[in-house]
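Undergrad: Show me how the following folds:
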Amino acid sequence: MKKLFAHLALGIAALALVNTAHAGETLNRVMEKKAMVVATNSGWPPQSYLDDNNEMVGFDIDVSREIAKRLGVEVSFETPDWATLTGGRWQGRYDIGVGSVTPTKPRAQVIDFAGVYYYSPYVYVVHKDSEAKTVTDLNGKIIGVETATTSEDFIRRQLQIDAPGLPPIEYKIEPGEIRTFADSMLPFDDLRLGAGVRLDAVIAPEQTAQNAIKNGYPLRVLDGEYAFKEPLVVIGEKVDPEWTAKVGGIITEMKKDGTLATLTTKWYGKDYAAD
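TA: Residues are numbered from 1 along each chain as shown. Next up, the predicted model:
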């Protein structure tokens with residue numbers, strides 16, 4: 001019996017040692033190096049993209065820089081594919097993800113949500129010459145979405161947003177065919193060719209759609225209703241609750257002092273920070 005208790009005590013001590021080793025792992029790394037690595041996208045204007053000087057710019061980039069500024073550290077960017085960004089198990093390659101990620105129930109199992117930093121309404125986009133006037137006009141049509149995103153989950157009726165206070169998702173469209181694209185702008189490239197040439201409509205964030213229209217794409221947004229409205233979160237690897245809480249506190253400060261409202265207005269022409 002004494003041996004059993006001794007083994008149990010050693011096991012508990014070892015477990016405590018492991019937990020202590022992981023406590024503050026990311027926070028300590030960032031503060032010791034005075035540098036933070038942010039995982040984001042490189043081809044999703046105006047959230048994040050490469051400008052003519054091959055520099056990363058956009059709303060998510062500005063948010064990342066502001067978080068780093070408030071931490072007192074330098075910031076650099078990595079651009080993994082979407083599945084890697086949202087799949088967790090980063091093994092220390094990135095410190096946070098700032099990529100306009102929706103907090104879904106499956107993602108909650110593999111990544112931490114540091115906090116909601118803005119909200120994005122999703123819209124139905126058609127060619128400017130389309131005869132579609134309402135959502136029901138899109139029933140049976142070819143709908144384009146970016147793959148592995150909430151727009152794909154929505155059109156497949158599989159969307160599960162993990163955030164309190166949101167109204168239930170309403171599915172009002174039965175597509176004839178769903179076509180998926182590896183990049184956020186590729187569906188618009190097909191849609192711009194003409195109504196029904198390759199696509200009849202695209203479901204995408206309002207900000208992305210308006211940016212395409214601003215850049216000369218012959219498209220329009222169906223008036224009257226959103227497909228759904230999603231919160232967007234800064235994410236972290238599931239290894240350091242202290243770090244997640246630290247970043248979450250900064251996001252709360254940025255919301256309270258109006259920084260996020262200013263940045264959404266700068267990049268989108270509208271305050272998307274308020275729920």
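
Undergrad: For Arg198, see how far away the residue nearest the centre of the chain is.
TA: For the chain, the residue whose C-alpha lies nearest the mean C-alpha position (Cα atoms, centre = their mean) is Val101; its distance is 1.7 Å. As defined by Cβ to Cβ, to the nearest Å, Val101 lies at a distance of 28 Å from Arg198. The way it works is simple: take the backbone N, C-alpha and C, and place the C-beta from them, glycine included.

Undergrad: Ile96 too?
TA: When distances are taken as Cβ to Cβ, Ile96 and Arg198 turn out to be 37 Å apart.

Undergrad: quick one on the thing from earlier: what's near enough to touch the residue nearest to the centre of the chain?
TA: Contacts for Val101 were tallied using Cβ atoms under 8 Å, 6 or more residues apart in numbering; they are Leu85, Thr86, Arg107, Ile111, Leu232, Val233, Val234, Ile235.

Undergrad: and if you look at Gly24?
TA: Contact analysis of Gly24 by Cβ under 8 Å, 6+ apart lists Asp240, Glu242, Trp243.

Undergrad: could you point out which element follows the longest strand seen in the chain?
TA: Secondary structure of the chain per DSSP state E: the longest strand is strand 111-127. On the C-terminal side of strand 111-127, the nearest following helix or strand under DSSP states H and E is strand 142-146.

Undergrad: picking that back up, what subset of the contacts of Val101 is buried?
TA: Neighbour counting by 16 or more other Cβ atoms under 10 Å classes Leu85, Thr86, Arg107, Ile111, Leu232, Val233, Val234, Ile235 among the contacts of Val101 as buried.

Undergrad: does Gly43 really touch Met185, like I thought?
TA: Yes. Gly43 is within contact range of Met185, at 6.9 Å (criterion: Cβ atoms under 8 Å).

Undergrad: These two: which has the busier surroundings?
TA: When neighbours are counted by other Cβ atoms under 10 Å, Met185 comes out ahead of the other of Gly43 and Met185, with 18 against 14.

Undergrad: wait, the more buried one sits on Pro46?
TA: No. Taking Cβ under 8 Å as the definition, Met185 is not a contact partner of Pro46, at 11.4 Å.

Undergrad: Need the overlap of contacts for those two.
TA: Contacts common to Met185 and Pro46, judged by Cβ under 8 Å, 6+ apart, are Thr208.

Undergrad: ranges for the helices of the stretch 51-200 of the chain?
TA: Here the stretch 51-200 of the chain has its helices, by DSSP state H, counting those that start in this stretch, at 59-71, 82-87, 105-108, 150-155, 186-191.

Undergrad: Tell me which of those helices approaches Gly249 most closely.
TA: In this view, these are compared for proximity to Gly249 by Cβ to Cβ, and helix 59-71 is the closest at 9.4 Å.

Undergrad: Can you pull the domain assignment for this protein?
TA: By the assignment in automatic domain parsing, the chain contains the domains 2-119+231-268, 120-230.

Undergrad: Can you tell me which of those domains has the worst average pLDDT?
TA: When those are compared on mean pLDDT, domain 2-119+231-268 scores lowest, with a mean of 88.

Undergrad: Which parts of stretch 249-258 count as buried, going by neighbours?
TA: Using 16+ other Cβ under 10 Å as the test for burial, stretch 249-258 gives Ile250, Ile251, Met254, Lys255.

Undergrad: from the residues you listed, which ones fall inside helices?
TA: Among the buried residues of stretch 249-258, the ones falling in helices (DSSP state H) are Ile250, Ile251, Met254, Lys255.

Undergrad: and the third one, what does it touch?
TA: What it means is Met254. Contacts of Met254 (Cβ under 8 Å, 6+ apart): Val63, Glu66, Ile67, Arg70, Tyr117, Leu260.

Undergrad: same question, Ile169
TA: Counting by Cβ under 8 Å, 6+ apart, Ile169 makes contact with Phe154, Leu159, Ile161, Phe228.

Undergrad: Now the two most distant members of the residues you listed.
TA: Of all pairs drawn from those, the greatest distance, 9.8 Å, lies between Phe154 and Ile161 (Cβ to Cβ).

Undergrad: tell me, what's touching the two both at once?
TA: With Cβ under 8 Å, 6+ apart applied, the overlap between the contact sets of Phe154 and Ile161 consists of Ile169, Phe228.

Undergrad: and the closest residue to Arg179 other than its chain neighbours, how many neighbours?
TA: If you skip the residues right next to it in sequence, Arg179 has Gly144 as its closest partner in space, 4.9 Å away by Cβ to Cβ, 6 or more residues apart in numbering. A count of nearby residues for Gly144, using other Cβ under 10 Å, gives 27.
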